[in-house]
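The sequence isn't on hand, but the structure is:
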């Protein structure tokens, strides 16, 4: 079977250069360190998907994106950020 899969036992290398340059903490494998709400160690920066987890699973990345989006929106609304209020 052909595919873009890492061989068993190998950890894929994440493309976390941007996050690292922003000052986000990276773990020993180069993945961005995030909490349950997908927040990084840098205020106002969230990370989702393959850059923050070795799961490499599309549906999990989508779920992470929804969580991060809701949290980001909540932060902006409660901080009086650039969100239009009705």
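Cool, got the structure. Since this is a predicted model, take the numbers as computed values, not measurements.

if I read this right, residue 51 contacts residue 31, doesn't it?
Yes: the criterion here is Cβ atoms under 8 Å, and residue 51 meets it with residue 31 at 6.9 Å. Glycine gets a C-beta too; all of them are placed from N, C-alpha and C.

shared neighbours, these two?
Here residue 51 and residue 31 have 14, 16 as joint contacts, going by Cβ atoms under 8 Å, 6 or more residues apart in numbering.

now what about stretch 39-50, what contacts it?
Identification of contacts with stretch 39-50 by Cβ under 8 Å, 6+ apart yields 12, 14-16, 19, 22-25, 32-34, 37-38, 56, 60-61, 64-65, 67-68, 71-72, 75.

where do the helices sit along this structure?
17-21, 58-78 (DSSP state H).

Need those helices in TSV (columns: mean neighbour count, distance to residue 46 and mean pLDDT).
TSV is the format used below for these (neighbours: other Cβ atoms under 10 Å; distance: least, Cβ to Cβ, whole Å; pLDDT from 0 to 100):
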stretch	mean neighbour count	distance to residue 46	mean pLDDT
helix 17-21	14	10	90
helix 58-78	14	4	88
